[in-house]
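Novice: let me see the structure of the following:
(chains A and B)
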Protein chains: 2
Amino acid sequence: MTRAADTIRRSIVLKRRPAGEPSPADFEQIEDAIPAPAAGEVVTRTIWLSIDPYMRGRLREEQTYAVAIQLGEVMTGETVGEVIASGHPNFAAGDVVVGARGWQSHTVSQGEALTKLPRHGVPLSAYLGVLGMPGATAYAGVSEICKPLKGETMVVSAASGAVGSVAGQLAKRAGARVVGVAGGSEKCLWVQDSLGFDDCVDHRSLDLPRELRAACPNGIDAYFENVGGAVQAAVFDQLNPFARVAMCGMVSQYNAEALPPGPNLGFVVGKRVLIQGFIVSDKPERMTDWRRIAAPWVADGSLIYREDVVEGLENAPEALTGILAGRNFGKLLVRVGPDPA
Amino acid sequence: MTRAADTIRRSIVLKRRPAGEPSPADFEQIEDAIPAPAAGEVVTRTIWLSIDPYMRGRLREEQTYAVAIQLGEVMTGETVGEVIASGHPNFAAGDVVVGARGWQSHTVSQGEALTKLPRHGVPLSAYLGVLGMPGATAYAGVSEICKPLKGETMVVSAASGAVGSVAGQLAKRAGARVVGVAGGSEKCLWVQDSLGFDDCVDHRSLDLPRELRAACPNGIDAYFENVGGAVQAAVFDQLNPFARVAMCGMVSQYNAEALPPGPNLGFVVGKRVLIQGFIVSDKPERMTDWRRIAAPWVADGSLIYREDVVEGLENAPEALTGILAGRNFGKLLVRVGPDPA
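Specialist: Here you go, the predicted model:
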């Protein structure tokens, strides 16, 4: 957290692959000297580190769509940082950058995948949440797959999370009735009162299908899927003909050792449903487009977001455990270092 | 079968809803007088009746995408017939028409949903199969959802059937490697040797996943789904990133009393898979477009098809039982009356 003794770099590496829920004991903090930049290199100090559910997949031995983290390797993750030394022509000390620099207090790179941040008058942390990868993910799923129309009903699971909160607000802007699903009454209240969703169902309720039906009297035309499991089953049963399902994630099973069976897909034929998976980074222009579209909304306060801040890099492993259990409330961030002076 | 005593109309009606596999005892043949046309009406005699797997869904009490058949009601079905009397300005005796006229020797209608057949020098039965609803279904699924590219691999289940045989030939025309799945060596041989698929896997083989993998060494980029069940599971496991799945039907479960669970959909996210259901009749222009495109291919013999003909309207119920069990080999048709003189 402090910048004192700015000669030591702290990094969190994977010590062993978790079975089920990851725990802090699966990680280890190591220290070395902050590197000096060679020609063409940039050294940054990390200000903010983003914690996201997809990170659980990186801990598995088998590769999914991205390369698995190896034992002893630094955990990946999106960060906002400040350039403290540069041998790279495009970067200078004092530049603020966003990129995938990992769970480290300081990083060295060739500047690939570092983007200098324009200043829109918004807090730097926003570039990891509402204006970052989660926001762009919501934008991609809503605009390219869910495509909610005025008067249609769209359901968003993990509605109080970094992705779901933006997805629902985008559907509201499109004129749809928007129903969230979230864990617990505090989150549900915030989704309705602060985000302006039309309704929000607690996924822990005793009769989720019935509550969902009450919230969606005209059925469900679009679903932004973040969780899988029982929520998915309840939503699928209530889909209307020609419904669209954006498959963004299924966090309910990220810790599972064996995957449970899923829905019988007969309804997909009869109802002409479209189910499509996507990963935001497949099209880098989504991020650029989204920042341009949404920065004014963040600046003028019309796009609401909430952050859940954990202090100190050393607490990142516990934060990851928490997000997989739904214990965060809002975009989960680790404060690694202070904002630039 | 005969036109003798052309005063009696025979109709097959639903007597009771089948539990599981339908049997001829679930139906009943009734007779009445062939109606005379009132002003604006058309009377046709049926020449060919099409038997298709989707008909099983019409026997269920609960409605799917189309209206359920009521007890005592005539079974629906596509037919080719000849106008024998007309009070309709657009139809005259001797016209040959295709339409959904049901399991009847003679029908009376206002001419809605009757299409006069142009003569392309192809057998009339072709308008119920390769140039009819099954052919247009294959066209819709391949051109709108599977979109196979040159060098990609597309798998087609029920590959020797009316839909699958066309779907695979369309993918071959697009330059894809095409692998069929069919039941038994006789069908598989025909799919390879006559239809020209690159390979065909017997779904009854002891190790379907292994055989499929051997036939698809570069994975599967597109899947035309007609069957569900174990074939679906094996194909889904071998899908490549960005694969497309056209959900046309799941005949393996049409007789099921309770639907089995399906695939866990986690792979849809990681592999960015698109799964889309469709029903050909949602866009009537598909049929018109397809007839225009495919009639020359049928006439010049470059689009191969095979028919499995059952003689006599009274045998339609048993034919339906057979198609659901995969006992037909090629497009299943009932010969109800002779071709026009």
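Novice: buried ones in stretch A:192-199?
Specialist: Counting neighbours by 16 or more other CB atoms under 10 Å in any protein chain shown, one finds that the buried residues in stretch A:192-199 are A:192, A:195, A:197-199. Backbone N, C-alpha and C define where each C-beta goes, glycine included.
Novice: now what about stretch A:236-243, what contacts it?
Specialist: Contacts of stretch A:236-243 from elsewhere in the structure, counted by CB atoms under 8 Å, 6 or more residues apart in numbering or on different chains, are A:153, A:209, A:212-213, A:216, A:218-223, A:245, A:263, A:267, A:271-274, B:65.
Novice: inside strands: which ones of the buried residues of stretch A:192-199?
Specialist: Counted as lying in strands by DSSP state E, out of the buried residues of stretch A:192-199, are residue A:199.
Novice: now, among the buried residues of stretch A:192-199, which is nearest to residue A:79?
Specialist: Proximity of these to residue A:79 was ranked by CB to CB; the top entry is residue A:195 with 26.3 Å.
Novice: residues contacting that closest one?
Specialist: A:159-160, A:165, A:168-169, A:180, A:304.
Novice: is the nearest residue to residue A:129 once chain neighbours are set aside bridged to anything, and to what?
Specialist: Nearest-residue entry for residue A:129: residue A:331, 3.5 Å, with adjacent residues in sequence omitted and distances by CB to CB, 6 or more residues apart in numbering or on different chains. With DSSP bridges applied, residue A:331 shows beta-bridge pairing to residue A:307.
Novice: I'd like to know how far residue A:331 sits from residue A:182.
Specialist: Counting by CB to CB, to the nearest Å, the gap from residue A:331 to residue A:182 is 14 Å.
Novice: thinking again about what came up before, pull out the buried members of the contacts of residue A:195.
Specialist: Neighbour-count burial (16+ other CB under 10 Å) applied to the contacts of residue A:195 gives A:159-160, A:165, A:168-169, A:180.
Novice: against which helices or strands is the longest helix seen in chain A packed?
Specialist: Assignment by DSSP state H gives helix A:285-299 as the longest helix of chain A. Helices and strands in packing contact with helix A:285-299 are listed as helix A:133-141; criterion 3 or more CB pairs under 8 Å, 6 or more residues apart in numbering or on different chains; DSSP states H and E.
Novice: and the angle from the helix it packs on to helix A:285-299?
Specialist: Helix A:133-141 runs at 110 degrees relative to helix A:285-299, counting by axes from the mean of the first three to the mean of the last three CA atoms, to 10 degrees.
Novice: run the angle between whichever helix or strand comes after helix A:133-141 and helix A:133-141 for me.
Specialist: Along the chain past helix A:133-141, the next helix or strand (assigned with DSSP states H and E) turns out to be strand A:153-157. Here strand A:153-157 runs at 150 degrees with respect to helix A:133-141, directions being taken by the same axes, to 10 degrees.
Novice: tell me the buried residues in strand A:153-157?
Specialist: Residues of strand A:153-157 classed as buried under the neighbour-count rule (16+ other CB under 10 Å) are A:153-157.
Novice: contacts for that strand next, please.
Specialist: The list of residues contacting strand A:153-157 from outside it, by CB under 8 Å, 6+ apart, reads A:146, A:148, A:164, A:167-168, A:171, A:176-181, A:197, A:203, A:212, A:216, A:218-227, A:231-232, A:235, A:240.
Novice: just the buried residues from those residues, in ChimeraX please.
Specialist: Taking 16+ other CB under 10 Å as the burial criterion, the selection of buried members of the contacts of strand A:153-157 in ChimeraX is written as:
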select /A:146,148,164,167,168,171,176,177,178,179,180,181,197,203,212,216,220,221,222,223,224,225,226,227,231,232,235,240
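Novice: filter the contacts of strand A:153-157 down to the ones in helices?
Specialist: A:164, A:167-168, A:171, A:212, A:231-232, A:235.
Novice: tell me the one of the residues you listed nearest chain B?
Specialist: Among those, residue A:232 lies closest to chain B (CB to the nearest CB), at 7.5 Å.
Novice: residues touching that closest one, list them.
Specialist: For residue A:232, the contacting residues are A:157, A:225, A:250, A:262-263, B:265, taking CB under 8 Å, 6+ apart as the criterion.
Novice: excluding chain neighbours, what is closest to the residue sitting furthest away from the middle of chain A?
Specialist: Here the centre of chain A is the reference, and by CA atoms, centre = their mean the most remote residue is residue A:39, at 33.9 Å. Taking CB to CB, 6+ apart, and ignoring the residues beside it in sequence, residue A:39 has residue A:87 as its nearest neighbour in space, at 4.7 Å.
Novice: for the residue of chain A at minimum distance from chain B, give me its contacts.
Specialist: As assessed by CB to the nearest CB, chain B sits closest to residue A:261 within chain A, at 3.6 Å. By CB under 8 Å, 6+ apart, the contact list for residue A:261 reads B:261-264.
Novice: for residue A:216, report the pLDDT, please.
Specialist: In the prediction, the pLDDT value recorded for residue A:216 is 98.
Novice: actually residue A:324, not the one I wrote
Specialist: Per-residue confidence (pLDDT) for residue A:324: 94.
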